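Novice: Could you look at this predicted model? Sequence included:
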Amino acid sequence: MLEKLTNDTFKTKVFNYTENKEWKFEGEVPCLIDFYADWCGPCKVVAPILEELAAEYDGKLNVYKVDTEAERELAGAFGIQSIPSLLFVPKEGQPQMAMGALPKDTFERAIKEVLKVEK
């Protein structure tokens, strides 16, 4: 299931960037965060792929969405310049950012390689 994050829920479920300088993941399972906007065409292309991935990896991976229009501070904290921007957050280690409307197989490869999650 996809969940939309606000600035506050992001801090409790992913990373409290106002309190921590060093990356410290707050979640239980790896996550994929879609920084998007409602008016963005490529974001609309990615949305159904993310819905599928959320269902296929249910319980192993959380898929979150952050509306860059509503959550400007959060988007700014991550230096979001273009959308969609997708943040792959492993349980251990540093997150990795990808830009643009990626095909499903690219998402699956990154989920396996970066997040270390298998279906």
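Specialist: Looks like it arrived, so ask away.

Novice: List the buried residues of the longest helix along the chain.
Specialist: Longest helix in the chain, counting residues (DSSP state H): helix 41-56. Using 16 or more other Cβ atoms under 10 Å as the test for burial, helix 41-56 gives Cys43, Val46, Ala47, Ile49, Leu50, Leu53, Ala54. All C-beta atoms are positioned from the backbone trio N, CA, C, and that covers glycine.

Novice: Read off the pLDDT value for the second one.
Specialist: According to the prediction, Val46 has pLDDT 97.

Novice: Next, the contact list for it, please.
Specialist: If you count contacts by Cβ atoms under 8 Å, 6 or more residues apart in numbering, Val46 has them with Asp34, Tyr36, Pro84, Leu86, Ala101, Leu102.

Novice: ok, now the fifth one?
Specialist: Shown here is Leu50, whose contacts under the criterion Cβ under 8 Å, 6+ apart are Leu2, Leu32, Asp34, Val63, Lys65, Phe107.

Novice: Separate out the buried members of those.
Specialist: Buried positions within the contacts of Leu50, assessed by neighbour count (16+ other Cβ under 10 Å), are Leu32, Asp34, Val63, Lys65, Phe107.

Novice: Mind putting those residues into JSON lines with secondary structure?
Specialist: Formatted as JSON lines, the buried ones among the contacts of Leu50 follow (DSSP: H, G, I helix; E, B strand; the rest coil):
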{"residue": "Leu32", "secondary structure": "strand"}
{"residue": "Asp34", "secondary structure": "strand"}
{"residue": "Val63", "secondary structure": "strand"}
{"residue": "Lys65", "secondary structure": "strand"}
{"residue": "Phe107", "secondary structure": "helix"}
